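In: Could you work out the structure for the sequence below:
(one chain, ligands or ions: 2)
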Amino acid sequence: MKMIKKLFAGFFITIFFLQCNAQEKKILTAEMNNVKLSFHTDPEGRPIYSVTYKNKTIIAPSAMGFVLKDAPGFYKSFTVVSTEKKTFDETWQPVWGEVKNIRNHYEQLTVHLQQLNTPARLLNIIFRVFEDGAAFRYEFPKQDSLKYFVVSSEKTQFNLAGDHTAFWIPGDFDSNEYEYSTSPISKIDNKEIVEKSTAIAVRTAPDRYCVQTPLMMKSADGIYINIHEAAQSNFPAMQLHADNKTFQLTSCLVPAPGGDKAYVHAPFNSPWRTIIVSDKAAEILSSKMILNLNEPSKIKNTAWIKPMKFVGVWWEMQTGVGGWNYSNYADSTDRAGNLIRNATHSANTANVKRYIDFAAANGMDGVLVEGWNTGWEDWFGNWKENVFDFVTPYPDFNVSVLEAYAASKGVQMIMHNETSGSATNYERQMDTAFRFMNNNGYHAVKTGYVGKIIPRGEYHDGQWMMNHYERVAAKAASYNIMVDMHEPSRPTGLQRTWPNWMANEAGRGNEYNAFSTGNAPEHETILPFTRLMGGPMDYTPGIFKLKNYGADPAKQVHTTLAKQLALYVTIYSPLQMVSDLPQNYAAHPDAFQFIKDVPVDWDDTRVIEAEPGDYITIARKKKNSLSWFIGSITDEKGRTATIPLDFLDKNTRYVATIYKDGPNAGWKNNPESYSIEKLEISSKTVLTIKLAEGGGAAVSIEPVVL
Ligand code: NOJ
Ligand code: CA
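Out: Ligands and ions are numbered 1, 2, ... in the order given. This next block holds a predicted model:
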């Protein structure tokens, strides 16, 4: 009897393997218009995928899977057990955003894999192919033989078809605050850049060939490729190791202290690995693939989430005119002999009232105040856990007086919680901090993670910190608080799931012009193709005094004034700072009108022309309105922007107000020169606007009221 059973078992196993082998030769595909994805397992049972666009190879056959700690490899010896295919087509409305409606249209291929080893472990790979690219994620199903495990590395590769031009920043585990390097894949080497970095977080020397995502590339035959990830939840950030010879990119996950990459409890989904592709650069900027791959909002009632513009007691500290510290507090006199109290501590009640008055007079929704709470004497680089408690103001900052004053003027106060890298301290204090906000009229918070993450030395982009950022967003949501994070990992579309997590810095902002050598004129033409692919950026635009704003006369912003206006359109954020000092806006009331008018929430967006590293022109339609706003920027080269207005309503007459660089403007010698022109226009008009070196133009278009 035993013998017969064995024979039967042997027979069925043979049939199973024969079937598997037959399947392994089979190429599975998914496609949508010009994008096609193929999948197969090779003779060693390795999962392999590839992607083409208009029949050109974008990703040549590339490996997949993981190395697990103290367990057999999870990247080979697989056989395809079954597959499923479906198409999906749905249009949804974001709580806020660049467009009113987002179409999520894809073909999905799910491949159920089983390893032939004992115990037989299961892995699913889910592929989605969109009109604008392809994505995939790993799904670890619930199974007895793989329950709790540690990921030691990810094997995913992106085998490029050539030595593309890449726009990259080094794979620092702690900071994304770099300028971009533009080089062929074969020349990626970030050793020197990391050594010279002025990034204010901690610099962690990475593998010198590792770069961060989103990685923007352009092939010799004009194909634009962007590699990033979506829905990066409970998993470390994926960086990419670039092989200079084979042009093979391999995932390198940001580690936990000690070197493990991720701690996983199945069932579990990895983030999506995304490949956005087009032969038009503008289409890369219009892609909604990353948002589409994220889960819908977890917040049911979103009525309290409101995009806004805000001013702040901030730039004066960045430029050294004032300070965060109270201990430098001193009474002093101005040149006319008037007594000035709190000369160096900017967050004093009188000064904050000045900003509230300015916000109220100019229709700005909020006022951010930094340096209001105790601890700033001792916050930077000392690795102490309890520097801040987020509820104790300095003696010259009167919380209740300011709450009442702001409320009487219809202005919101915006809270600032700098954690100085002490994320565990923040987790302990969060409820107290958010309750304090609820009790004192604050509906939004700017958080910050300057410095090394303490106490354990986690990296800003590792799994633990990813969970921390999401915990902050979720906890803030439970208190109806909107969040703007500084120094987090770069976004991956989680703002769809947590629409109160409205903005992040997560890149090199305008502030670098205040305390470092600054940002090159091309910087803002690259950011939308890289940093902004995953979500809005709190770049802090709007600097009007572009030279001599601090003690060091060598410092200057590397744009013209008109370009600072244009950034309100080209850099999307639902929380947009109006960053300069009230007196600097008062010096240019006519140009300031554009900042007063420009909205932060849109019904439609058209990318009119774009080239990473060179120029960007974007038009956006204000929410529930016929008004449009255009921003056009260039790098260090002057150019003429050609802007057909065919997106305007055919039957409406409009007036355009054009804010442009003056005839002799230039970022270097004459940045504050601009001119303003009003024109009657229609959908047939084509605007041609000259942009200075490092310049830009901003246009507001209002329907003519008859
Ligand atoms: C760095 C942030 O980017 C900046 O905006 C803030 O003022 C400082 N940290 C202090 O928190
Ligand atoms: Ca920063």
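
In: Leaving out sequence neighbours, find the closest residue to residue 383.
Out: Using Cβ to Cβ, 6 or more residues apart in numbering and skipping residues adjacent in sequence, the residue nearest residue 383 is residue 454, 5.2 Å away. Backbone N, C-alpha and C define where each C-beta goes, glycine included.

In: What values do phi and psi take at that neighbour?
Out: Here is the backbone geometry of residue 454 (degrees, to the nearest 10): phi -120, psi 160.

In: Which strand or helix spans residue 470?
Out: helix 463-478 (DSSP states H and E).

In: Check which helices and strands that helix is in contact with.
Out: Applying 3 or more Cβ pairs under 8 Å, 6 or more residues apart in numbering; DSSP states H and E, one finds that helix 463-478 contacts helix 423-439, strand 482-486, strand 501-504.

In: Going by neighbour count, which residues in it are buried?
Out: Buried residues in helix 463-478, defined by neighbour count with 16 or more other Cβ atoms under 10 Å: 463, 464, 465, 466, 468, 469, 470, 472, 473, 475, 476, 477.

In: can you redo those as CSV with pLDDT and distance to ligand 1?
Out: Putting the buried residues of helix 463-478 into CSV (pLDDT from 0 to 100; distance: Cβ to the nearest ligand atom, whole Å) gives the following:
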residue, pLDDT, distance to ligand 1
463, 98, 23
464, 98, 21
465, 98, 16
466, 98, 19
468, 98, 17
469, 98, 15
470, 98, 20
472, 98, 15
473, 98, 18
475, 98, 20
476, 98, 17
477, 98, 22
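
In: So which of the residues you listed is the closest to residue 350?
Out: residue 476 (29.9 Å; Cβ to Cβ).

In: residue contacts, the closest one?
Out: Contacts for residue 476 (Cβ atoms under 8 Å, 6 or more residues apart in numbering) come out as 434, 445, 482, 483, 500, 501.

In: Against ligand 2, how distant is it?
Out: Using Cβ to the ion, to the nearest Å, one gets 19 Å for the distance from residue 476 to ligand 2.

In: Ok, residue 148 next?
Out: 36 Å.

In: Show the backbone phi and psi for the closest residue to that residue other than its chain neighbours.
Out: Nearest-residue entry for residue 148: residue 265, 5.5 Å, with adjacent residues in sequence omitted and distances by Cβ to Cβ, 6+ apart. For residue 265, the backbone dihedrals (degrees, to the nearest 10) come out as phi -120, psi 110.

In: same check, this time on the one 10 residues further on
Out: Main-chain torsions, residue 275, degrees, to the nearest 10: phi -130, psi 100.

In: for residue 117, same thing?
Out: Per degrees, to the nearest 10, the backbone of residue 117 is at phi -70, psi 170.

In: tell me the contacts of it?
Out: Applying Cβ under 8 Å, 6+ apart to residue 117 gives the contacts 72, 77.

In: quick one, which of the helices and strands packed on helix 463-478 is nearest to residue 281?
Out: strand 501-504 (23.5 Å).

In: Any idea how many residues pack against the residue of the stretch 201-350 of the chain found nearest ligand 1?
Out: In the stretch 201-350 of the chain, the residue that lies nearest ligand 1 is residue 314 (5.9 Å; Cβ to the nearest ligand atom). By other Cβ atoms under 10 Å, 28 other residues sit near residue 314.

In: Identify the spatial nearest neighbour of it, chain neighbours not counted.
Out: Closest to residue 314 by Cβ to Cβ, 6+ apart is residue 370, at 5.6 Å.

In: So for that neighbour, what's the pLDDT?
Out: The score at residue 370 is 98. That number is its pLDDT.

In: close enough to count as contact, it and residue 414?
Out: No - counting by Cβ atoms under 8 Å, residue 370 does not reach residue 414; the two are 9.7 Å apart.

In: Common neighbours of these two, please.
Out: In contact with both residue 370 and residue 414: 312, 446, using Cβ under 8 Å, 6+ apart.

In: if you count what's nearby, which of those two comes out ahead?
Out: Higher neighbour count among residue 370 and residue 414: residue 414, with 26 against 23, using other Cβ under 10 Å.

In: Surely that one is within a helix?
Out: No - according to DSSP: H, G, I helix; E, B strand; the rest coil, residue 414 belongs to no helix; its state is strand.

In: Contact partners for it?
Out: 310, 312, 366, 367, 368, 369, 442, 444, 445, 446.

In: just residue 511 next, same as before
Out: Neighbouring residues of residue 511 by Cβ under 8 Å, 6+ apart: 318, 540.

In: mind checking how far the helix or strand harbouring residue 134 is from the chain centre?
Out: Assigned by DSSP H and E, residue 134 belongs to strand 133-140. Centroid separation between strand 133-140 and its chain, computed with Cα atoms, centre = their mean, to the nearest Å, is 20 Å.

In: Also stretch 355-365?
Out: From the chain centre to the centre of stretch 355-365 is a distance of 28 Å (Cα atoms, centre = their mean).

In: Stretch 537-547 now?
Out: Mean-position distance between stretch 537-547 and its chain equals 18 Å (Cα atoms, centre = their mean).

In: same check, this time on stretch 610-624
Out: For stretch 610-624, the separation from the chain centroid amounts to 17 Å (computed by Cα atoms, centre = their mean).

In: in it, what's buried?
Out: Neighbour count says stretch 610-624 has 610, 612-623 buried, by 16+ other Cβ under 10 Å.

In: any idea of the mean pLDDT for stretch 414-433?
Out: If you average the pLDDT values across stretch 414-433, you get 97.

In: Quickly note the distance from residue 441 to ligand 2.
Out: 26 Å.

In: cool, and residue 98?
Out: When residue 98 is compared with ligand 2 (using Cβ to the ion), they lie 24 Å apart.

In: give me the number of residues near the residue nearest to residue 75 when sequence neighbours are not counted?
Out: Nearest non-adjacent residue to residue 75, counting by Cβ to Cβ, 6+ apart: residue 65, 2.7 Å away. Residue 65: 21 surrounding residues under other Cβ under 10 Å.
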